[in-house]
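Engineer: No letters, just coordinates:
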């Protein structure tokens, strides 16, 4: 095994939408980094994944780097066993076994009861300067997860934020795309969405199915049309199998502010979606990926562990090079 390997990782920008004078940087420093805070200890900032599980999500490492806060969000699965395979050259079939954290303790001659270990399922890396954030997601932990966790930690858990405050991580296009949207009016926004089904049945009637639009489409309509379609139902002429709907919204071509209206509505309501496209009046189109400012950085891994100092520096440099902090 190589002592050091380098992997290219996608880094994504999120603009923090937060009421009040305090920035997300200020809140995290106050709640997590300040050693007088109850949440300075990592055990106090663990959020349960669900009522049916002991698994938890929490910010593990957090530190200041220059004018940035760097953090690592992790998810831990309790009592999980990790499979491994014995690569024996003469075998007709490789043996697959599993290893628990208690077995690791016994291998290292440690007391499993005194030193509790669990496997880390996934890690998300982030950096925050004021209300500007860069994120390196994993398959399990995404910007949506981080947004939800921060809202819980800074709101419900620590009560550092007022009840009517919320952490919202918005998408922002790069400058070229933003200029294009502002100079060329948007014609249509096309989304694909799942249709959720619900089976209804009582003792006197035969079963019937009703269908509702997914939450992301409801949020777009609420944001752009001031209309809540969460109660809209499509009765049982549809088959209950992988149902999808294509939604097309047309903009008024005469509205000079339509480009900014698209940016604002998509940045908030579709910030966690990759399944939409914007068509402009000149015939060109903009995909969901183009509405999200992103780049690539190199993550160095030494003996299986991320080189933390190097990653902090790269995230900071990427934010400085790509973000206008005057906004």
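Structural biologist: Right, received. Where do you want to start? What you see is a predicted model; the values in this text were computed from it and never measured.
Engineer: per-residue pLDDT, residue 94?
Structural biologist: The pLDDT attached to residue 94 in the predicted structure is 85.
Engineer: Distance of the closest residue in space to it that isn't next to it in sequence relative to residue 96?
Structural biologist: Nearest in space to residue 94, with sequence neighbours left out and distances taken as C-beta to C-beta, 6 or more residues apart in numbering, is residue 85 at 5.0 Å. Every residue, glycine included, has its C-beta placed from N, CA and C. Taking C-beta to C-beta, to the nearest Å as the measure, residue 85 falls 5 Å from residue 96.
Engineer: ok, now residue 40?
Structural biologist: Noted for residue 40: a distance of 42 Å to residue 96, by C-beta to C-beta.
Engineer: buried set for the longest helix belonging to the chain?
Structural biologist: Secondary structure assigned by DSSP state H gives helix 308-322 as the longest helix of the chain. Of all the residues in helix 308-322, those buried under the rule 16 or more other C-beta atoms under 10 Å are 308, 311-316, 318-319, 322.
Engineer: pLDDT-wise, what's the bottom of the residues you listed?
Structural biologist: residue 322 (92).
Engineer: Distance check, that residue against residue 293.
Structural biologist: Residue 322 sits 7 Å away from residue 293 when distances are taken as C-beta to C-beta.
Engineer: And residue 312, by the same measure?
Structural biologist: Look at residue 312 and residue 293: by C-beta to C-beta, they are 20 Å apart.
Engineer: Check the secondary structure at residue 246 for me.
Structural biologist: Reduced to three states with DSSP: H, G, I helix; E, B strand; the rest coil, the structure at residue 246 is strand.
Engineer: And the particular helix or strand that has residue 85 in it, what does it pack against?
Structural biologist: Residue 85 is located in strand 81-86, with elements delineated by DSSP states H and E. In terms of contacts (3 or more C-beta pairs under 8 Å, 6 or more residues apart in numbering; DSSP states H and E), strand 81-86 is packed against strand 95-100.
Engineer: Strand partners (parallel or antiparallel) of the strand it packs on?
Structural biologist: Here strand 95-100 has these sheet partners by DSSP bridges: strand 81-86 (antiparallel).
Engineer: any idea how far the strand it pairs with is from the chain center?
Structural biologist: Using C-alpha atoms, centre = their mean, to the nearest Å, the mean C-alpha position of strand 81-86 is found 29 Å from that of the whole chain.
Engineer: and what of stretch 11-28?
Structural biologist: In this view, stretch 11-28 has its centroid 15 Å away from the chain centroid, taken as C-alpha atoms, centre = their mean.
Engineer: do the same with stretch 287-301
Structural biologist: On the basis of C-alpha atoms, centre = their mean, stretch 287-301 is displaced by 13 Å from the centre of the chain it belongs to.
Engineer: Would you mark the buried spots in it?
Structural biologist: When neighbours are counted by 16+ other C-beta under 10 Å, the buried residues of stretch 287-301 are found to be 288, 290-294, 297, 299-300.
Engineer: low-scoring stretches of the stretch 1-150 of the chain, by residue?
Structural biologist: Counting by pLDDT under 70, the low-confidence segments of the stretch 1-150 of the chain come to 1-2, 79-81, 101-119, 121.
Engineer: As a check, name the ranges of all strands in the stretch 151-300 of the chain.
Structural biologist: Taking DSSP state E, counting those that start in this stretch as the criterion, the stretch 151-300 of the chain carries its strands at 168-170, 186-200, 208-213, 244-250, 276-280, 285-287, 294-302.
Engineer: looking at those strands, which has the lowest confidence?
Structural biologist: Out of those, the stretch the model trusts least by mean pLDDT is strand 208-213, with a mean of 40.
Engineer: if we can go back for a sec, against which helices or strands is the longest helix of the chain packed?
Structural biologist: The helices and strands touching helix 308-322, judged by 3+ C-beta pairs under 8 Å, 6+ apart, are strand 4-17, strand 56-65, strand 68-77, strand 119-129, strand 132-136, strand 294-302.
Engineer: Fine by me, thanks again.
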